[in-house]
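Colleague: Prediction below, plus the sequence it came from.
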Amino acid sequence: MKKNISLIGVPSDIGAGDRGASMGPEALRIAGIERELVSLGFNVKDTGNLYGPKNPERPPETGYRHLKENVIWCNNIQEAVFNEINEGRLPIMLGGDHAMSIGSIAAIARFCAAQKKNLCVIWIDAHSDFNTSNTSPSGNIHGMPVAVVAGYGPTELLSIGHNVPMVAAPDIYQVGIRSVDSDEKHLVTDAGIVVYDMRCIDEIGMREAMLQILSDITEKDAYIHVSFDVDSLDPTIAPGVGTTIPGGLTYREAQLCMEMIHDSGRMISLDLMEINPALDFQNSTAKLAIELTASLFGRQIFSPNSHNRKNKP
């Protein structure tokens, strides 16, 4: 893992149904993300916020809400994230709604292609985000980014990447899924996305789920891009999101997931998405996101190999 980190603010709710995710970057800064990462020994550069069109709050046109505006935002993100990782820094996108991950993944996929390295995406979310204009009930593009990354969607969004698909569907691993539209479900299955939904996690546990995912990624010798939507967490611990779905990841499940990704040593980029301070309580969701980010970057109670643990018969 790189010791130099870049924070890239993306104050956009252009792809979402509710306003407020545009305040997410500042919520994360106020909650102390830079301070936390510095305390872990990283050199952190806050690049400030990117700029893009304001939310026009229009209804869908030809199946998409704010397509032109989303394209502008994602192109800006693609260039900014690519520049940072190409300079040897690990980019963290501070979101913003999850549609913006089209831009960040386009950048990381472009970088990996230039390095002749494989890329896998771990998508931690309550939703599969695999809708198209034909399946989406709302036309909101934050419900479509995984589909776009895997090669399904309008030319305007697909062309943001260096290639179509940006990432092959079997190289996308979804964790925490519990809300999928009926037609969307068929698309996810047919495409070959690897899904560890909440039933699977309930049955086999987070440890086994991550062991399987990381073993597969290691076999592919791939880098990891983590795209973390805070609505993957149970709303009792993360209320500050636009689309709360009961039955989400517990604190410990999420923390173990992050710790195991860190231990793999393969993560090269991160999205922190969909924090909505307008729906939060005392910035608690941003604070929790930072705690989990700290686990992702190596904070542990003890090392997994610590000799302080007693062996009990």
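Modeller: Received the coordinates, thanks.

Colleague: Any figure for the gap between residue 44 and residue 296?
Modeller: If you measure residue 44 against residue 296 using CB to CB, to the nearest Å, the figure is 14 Å. No exception for glycine: its C-beta is placed from N, CA and C like everyone else's.

Colleague: Pick out whichever of those two has more residues nearby.
Modeller: The residue with the greater number of neighbours, taking residue 44 and residue 296 and applying other CB atoms under 10 Å, is residue 296; the counts read 23 against 19.

Colleague: Now whichever strand or helix holds residue 25: buried residues?
Modeller: Applying DSSP states H and E as the criterion places residue 25 in helix 24-30. Burial within helix 24-30, assessed by neighbour count using 16 or more other CB atoms under 10 Å, is assigned to 24-29.

Colleague: hey, what's residue 118 bridged with?
Modeller: With beta bridges defined as DSSP bridges, residue 118 has these partners: residue 222.

Colleague: for it, what are its contacts?
Modeller: Residues touching residue 118, when contacts are defined by CB atoms under 8 Å, 6 or more residues apart in numbering, comprise 112, 171, 220-223.

Colleague: go again using 7 Å as the cut-off
Modeller: With contacts defined as CB atoms under 7 Å, 6 or more residues apart in numbering, residue 118 is in contact with 112, 220-222.

Colleague: Then residue 92?
Modeller: Taking CB under 7 Å, 6+ apart as the criterion, residue 92 is in contact with 5-8, 270, 272.

Colleague: Pull out the buried residues from these.
Modeller: By neighbour count, with 16+ other CB under 10 Å, the contacts of residue 92 hold 5-8, 270, 272 as buried.

Colleague: what's the farthest-apart pair in the residues you listed?
Modeller: Comparing all pairs in these by CB to CB, the longest separation belongs to 6 and 272, at 13.1 Å.

Colleague: thinking again about what came up before, JSON lines please, covering the buried ones among the contacts of residue 92 and showing distance to residue 205 and pLDDT.
Modeller: Formatted as JSON lines, the entries for the buried ones among the contacts of residue 92 read as follows, by distance: CB to CB, whole Å; pLDDT from 0 to 100:
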{"residue": "5", "distance to residue 205": "31", "pLDDT": "98"}
{"residue": "6", "distance to residue 205": "34", "pLDDT": "98"}
{"residue": "7", "distance to residue 205": "33", "pLDDT": "98"}
{"residue": "8", "distance to residue 205": "34", "pLDDT": "98"}
{"residue": "270", "distance to residue 205": "24", "pLDDT": "98"}
{"residue": "272", "distance to residue 205": "25", "pLDDT": "98"}
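
Colleague: Output these in JSON lines, with distance to residue 196 appended to each entry.
Modeller: JSON lines is the format used below for these (distance: CB to CB, whole Å):
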{"residue": "5", "distance to residue 196": "27"}
{"residue": "6", "distance to residue 196": "29"}
{"residue": "7", "distance to residue 196": "28"}
{"residue": "8", "distance to residue 196": "28"}
{"residue": "270", "distance to residue 196": "19"}
{"residue": "272", "distance to residue 196": "20"}
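
Colleague: Just those residues: which are in strands?
Modeller: Where the buried ones among the contacts of residue 92 overlap with strands, as defined by DSSP state E, the overlap consists of 5-8, 270, 272.

Colleague: returning to what we had before: residue 242: which of the buried ones among the contacts of residue 92 is nearest?
Modeller: residue 272 (14.8 Å).

Colleague: Could you measure from the closest one over to residue 159?
Modeller: Residue 272 sits 26 Å away from residue 159, going by CB to CB.

Colleague: One more: residue 102?
Modeller: 11 Å.

Colleague: Give the residue from the two that has the larger number of neighbours.
Modeller: The residue with the greater number of neighbours, taking residue 102 and residue 159 and applying other CB under 10 Å, is residue 102; the counts read 30 against 12.

Colleague: For that one, give me its contacts.
Modeller: Taking CB under 7 Å, 6+ apart as the definition of contact, the neighbours of residue 102 are 74, 145, 148-149, 157, 160.

Colleague: Looking at the residues you listed, which is nearest residue 276?
Modeller: residue 145 (17.2 Å).

Colleague: In this structure that closest one contacts residue 129, no?
Modeller: Yes. The pair residue 145 / residue 129 is scored as a contact, 5.2 Å apart, by CB atoms under 7 Å.

Colleague: Same drill for these two, tell me which one is more crowded.
Modeller: Set side by side, residue 145 and residue 129 show unequal neighbour counts under other CB under 10 Å, the larger going to residue 145 at 32 against 26.

Colleague: so where is the stretch 201-313 of the chain shaky, pLDDT-wise?
Modeller: Segments of the stretch 201-313 of the chain classed as low confidence (criterion: pLDDT under 70) are 302-313.

Colleague: Break down it into its strands, ranges please.
Modeller: Secondary structure of the stretch 201-313 of the chain (DSSP state E, counting those that start in this stretch): strands at 222-229, 267-273.

Colleague: who's in contact with the shortest one?
Modeller: Just to be clear, that refers to strand 267-273. Identification of contacts with strand 267-273 by CB under 7 Å, 6+ apart yields 1, 28, 85, 90-98, 101, 104, 108, 223-229, 261, 289, 293, 296.
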